[in-house]
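S.K.: Quick one, what's the 3D model for this:
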Amino acid sequence: MKDSKFLKALNRQPNSIPPVWFMRQAGRYLPEYQKIRKNYSNFLDMCKQPHTCAELALQPINRFDLDASILFSDILTIPDALDLGLAFQEGEGPKFSNPISSPQDIKKLIPFDLENLNYVFKAVEETKKQLPEGIPLIGFCGSPWTLAAYSIEGGGSKDFKKTKSFMMEHPDSIQEFLEILSQACYEYLRQQVLSGVNALQIFDSWADLLSSDELEKFSLQHTRTVTKLLKADPVTANIPIILFEKSPNKKLKEILFQDISCISLHWQEDIKSVSQDLNSQYAIQGNLDPKVLLKSDELIWKETQKICNIMHDYPGFIFNLGHGITPNINPNKVQIMIDAIRQ
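M.R.: Below is the predicted model:
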């Protein structure tokens, strides 16, 4: 892996051409993905098939010759392992049949057991076997806060009213739940590394729900617990960690901390000012707005090159989207973006 541009960038080493991968690079926008997805009524059933997950993770690598692969899985595997009754029906987001509705539900949780997530670790092993030599594999988890928000709300939501009420009414109980999730995230990511991943990304997908003070109290302190445990563990001490904070109500330079290697920027962040603030202390990943890929070829080229030009002299730049790729995007437009980066 010495020649991996992606791993070089995470170590803040310069690349003449930035490495590129993108969030949700394996998925619904690809016709080859749709062909396989038709065989499963529940998305989670598909995630529990290691050979299928490996095939799906390889699809964007084979199509676009990207610089990194990411494990094909879902951020909600940990709540599923806690027996919260997760399901994804066709055309719907995640739904929990057994969400956290009271402090008693937290007390009654079954202990987290890695054995319940064995299918994920087998998917890592299978993907590693099939990946071209020199292409690193990224493992991931949701942040403790993001997992708690979904688990309490019972699924996705525009406002997460139930979660916010629970936070206000039961502050001690939600902290107890976040501590359980932090330990689970650490154990889960550690086992992914043992199974073969080369880097880790933590997705704080609902950071934007929290005020600046709440972000520290309910999210960041628990993410730091996870990374501290990983860095103190000989198995994971040298694995680079990427943090994605979705549009947080706090300046990024106030969020960053010692144990992470890279910050992945949401599309609303100004990459130029972030790069000036960080002054090469962290690698930066990002951050084209996925909606640009719905525009003309000329605009895609222009906006992609704009980011590349801003970040040209920044050691440790990884080109990525500022959020996951959406199902309505034509794969040919993705190729235009990649050509603009590499030319």
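
S.K.: which stretches of the stretch 51-200 of the chain have low pLDDT?
M.R.: For the stretch 51-200 of the chain, applying pLDDT under 70 flags the ranges 89-91.

S.K.: quick one: contacts for the nearest residue to residue 198 once chain neighbours are set aside?
M.R.: Nearest non-adjacent residue to residue 198, counting by C-beta to C-beta, 6 or more residues apart in numbering: residue 136, 3.8 Å away. To be clear about C-beta, it is placed using only N, CA and C from the backbone, and glycine gets the same treatment. Residues counted as contacts of residue 136 (C-beta atoms under 8 Å, 6 or more residues apart in numbering) are 1, 4, 6-7, 68-69, 198-199.

S.K.: separation between residue 169 and residue 162?
M.R.: Distance of residue 169 to residue 162, given as C-beta to C-beta, to the nearest Å: 11 Å.

S.K.: Which one of these two is surrounded by more residues?
M.R.: Neighbours per residue (other C-beta atoms under 10 Å) separate residue 169 from residue 162, with residue 162 holding more: 17 against 11.

S.K.: who's in contact with that one?
M.R.: Going by C-beta under 8 Å, 6+ apart, residue 162 touches 152-154.

S.K.: Over to stretch 105-117 now: how far is its first residue from its last?
M.R.: The straight-line separation of the ends of stretch 105-117 (C-alpha to C-alpha, to the nearest Å) is 21 Å.

S.K.: Identify each buried residue in that stretch, please.
M.R.: Judged by neighbour count (16 or more other C-beta atoms under 10 Å), stretch 105-117 contains these buried residues: 105-106, 109, 112, 117.

S.K.: Equivalent analysis for stretch 167-183, please.
M.R.: By neighbour count, with 16+ other C-beta under 10 Å as the criterion, the buried positions of stretch 167-183 are 167, 170, 173-175, 177-178, 180-183.

S.K.: Now, the residues you listed that are in strands?
M.R.: Among the buried residues of stretch 167-183, no residue falls in strands (DSSP state E).

S.K.: Dump those residues to JSON lines, plus distance to residue 239.
M.R.: Converted to JSON lines, the buried residues of stretch 167-183 look like this (distance: C-beta to C-beta, whole Å):
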{"residue": "167", "distance to residue 239": "31"}
{"residue": "170", "distance to residue 239": "34"}
{"residue": "173", "distance to residue 239": "32"}
{"residue": "174", "distance to residue 239": "29"}
{"residue": "175", "distance to residue 239": "27"}
{"residue": "177", "distance to residue 239": "26"}
{"residue": "178", "distance to residue 239": "23"}
{"residue": "180", "distance to residue 239": "23"}
{"residue": "181", "distance to residue 239": "20"}
{"residue": "182", "distance to residue 239": "17"}
{"residue": "183", "distance to residue 239": "18"}
